[in-house]
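Visitor: Fold the following and give me the result.
(2 chains)
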Amino acid sequence: MVRATMALPLETLKDRAAGDALLARFGLDLDCALLVGDGDTDWLVEIARGAIVRVTKGPFIMPKTDLRLRAASDTWKRFLEPVPPPGYHDLLALRRYRRLQIEGDIRLMSAYLFYLKRLFALLRAPGA
Amino acid sequence: MKAAREPVAGYYLNLELLGRPHRLYVEEAGRGIPLLCLHTAGSDTRQYRGLMNDAEITRQFRVIAFDMPWHGKSSPPAGWQTTEYRLRSADYARMVLEVCDALALDRPVVMGCSIGGRIALVLAMEQAARFRAIIGLQSGASIDPYYELTWFHHPQVHGGEASAAYVSGLMAPTSPDADRWETLWHYMQSGPGIFKGDLYFYRGADGDIRERLSAIDTRVCPLYLLTGEYDYSVSPEDTRAAAERIAGVKFSVMPKLGHFPMSENPALFLSYLKPVLAEIGTRG
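Guide: Reported below is the predicted structural model:
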């Protein structure tokens, strides 16, 4: 079986996030195992004290995760557009229109929502 | 940089609101037709800084905004420490009228955004004769909940940052960074539980006015509804659904704006607002 390529360039996330001022500002003391998926492939983003320490491509058998965010590949593609259309421009916009599945520790997500939004926005920018 | 004083004046007003003494912070700029501006949930009058600093508008309009009790520089009523703040629709509408009376405003224009946009619809239904015109920004008759309120007031989460983060995506991605983050700063400064308390009427049955909208008579008071296209809390479709129930309403979508038009991109917002104000000004 041929797997579709994950639309989000997660393999570049660690480089993109390194030294980012907003992540530093809003990631104080954040420890989180974040699962990101497109319904086909899952990736595990491990964050310690606000820094991304590891990004691993699945599949995983029984991953220990704090938060799981999954959307269809086409949804992520539109999210990544330089100026996304209304409804695709923000994680909660995706959630509002039931395009994003959010599971796990919602307290953690709420406390670090700026960080998480920034993390995904960094995937939008070219480079890295 | 040369220091420049803005033509905006702030003062405190001591008055009775909802039968209790209050100390309210008010800002004003300009002369002419009174234009009372209502801020969004969990924020304050600073959202209208663009409007108050626009000479073209303040030549014809006396722009007035007040921080609701518990918001901005307005105090909560004495004894607040033993109560949970919960805004109710009828209280909100009454408060607007009491402020109009206290300032002796003669048939003002009222313009509100978000929760202010909802109460604008309530005022259009119930108090049309008292207003020259009503402008609802991001007005909807109800809300489709897509988030939990729990984390906006919880000892383990910074409520200001959480509230700001939840609303941050409601703005257009093309709005200027400085104005977007200014808008968010107001949210971060909000008192504990205030954003959540404002949403009490807004998300609940108390504030759901879908079935009452047809009572609005726009022949008594013209009603304008303007909604930014990037808002997913009150989307253009939500406002359109409300507008379809109101005969004679003037509804338009504002491209490249979101839930905080007057604050996230004041210059662009004013380009949509000025034709509306011109129409109101001409009618007198």
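Visitor: use CA for all of it now, contacts and neighbours both
Guide: OK.
Visitor: Can you name the residue of the stretch 1-150 of chain B nearest to chain A?
Guide: Closest approach of the stretch 1-150 of chain B to chain A (CA to the nearest CA) occurs at B:Tyr146, with a separation of 5.3 Å.
Visitor: That residue - how many residues pack around it?
Guide: Look at B:Tyr146: counted by other CA atoms under 10 Å in any protein chain shown, it has 14 neighbours.
Visitor: Is it correct that B:Ile216 is in contact with B:Gln127?
Guide: No: using CA atoms under 8 Å as the test, B:Ile216 is too far from B:Gln127 to be in contact (9.6 Å).
Visitor: Which residue of the two possesses the greater neighbour count?
Guide: B:Ile216 (24 against 16).
Visitor: host element of the spatially closest residue to the more buried one that is not a sequence neighbour?
Guide: Computed as CA to CA, 6 or more residues apart in numbering or on different chains, the closest residue to B:Ile216 that is not its neighbour in sequence is B:Met125, at 4.6 Å. Assessed by DSSP states H and E, B:Met125 sits inside helix B:115-126.
Visitor: Burial check on the closest residue to B:Gln60 other than its chain neighbours, number of neighbours?
Guide: In space, and not counting its chain neighbours, B:Gln60 is closest to B:Gly32: 5.0 Å by CA to CA, 6+ apart. Counted with other CA under 10 Å, the neighbours of B:Gly32 add up to 13.
Visitor: Ok, A:Ala48 next?
Guide: Neighbours of A:Ala48 using other CA under 10 Å come to 15.
Visitor: Does anything pack onto the helix holding B:Met125? Which helices or strands?
Guide: helix B:89-102, strand B:109-113, strand B:133-137, helix B:194-203 (3 or more CA pairs under 8 Å, 6 or more residues apart in numbering or on different chains; DSSP states H and E).
Visitor: Just the CA coordinates for the longest helix along chain A, please, in CSV.
Guide: Longest helix in chain A by number of residues (criterion: DSSP state H): helix A:113-122. Extracted C-alpha coordinates of helix A:113-122, given in CSV (Å, rounded to 0.1, in the frame of the first residue of the first chain):
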residue,chain,number,x,y,z
LEU,A,113,-2.8,27.6,22.7
PHE,A,114,-0.7,30.5,21.4
TYR,A,115,2.3,28.2,21.3
LEU,A,116,0.4,25.5,19.4
LYS,A,117,-1.1,28.0,16.9
ARG,A,118,2.4,29.4,16.3
LEU,A,119,3.8,25.9,15.8
PHE,A,120,1.4,25.1,13.1
ALA,A,121,1.7,28.6,11.5
LEU,A,122,5.4,28.1,11.2
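Visitor: what residues does the stretch 51-200 of chain B put near chain A?
Guide: B:146, B:151, B:156-158, B:161-162, B:165-166, B:169-170, B:173-174 (CA under 8 Å from any CA of the partner chain).
Visitor: Where does confidence bottom out across the residues you listed?
Guide: Lowest pLDDT among those: B:Tyr146, with 87.
Visitor: And the nearest residue to it once chain neighbours are set aside, how far from B:Ser142?
Guide: Distances taken as CA to CA, 6+ apart place A:Arg96 nearest to B:Tyr146, at 5.3 Å, with adjacent residues excluded. A:Arg96 sits 15 Å away from B:Ser142, taking CA to CA, to the nearest Å as the criterion.
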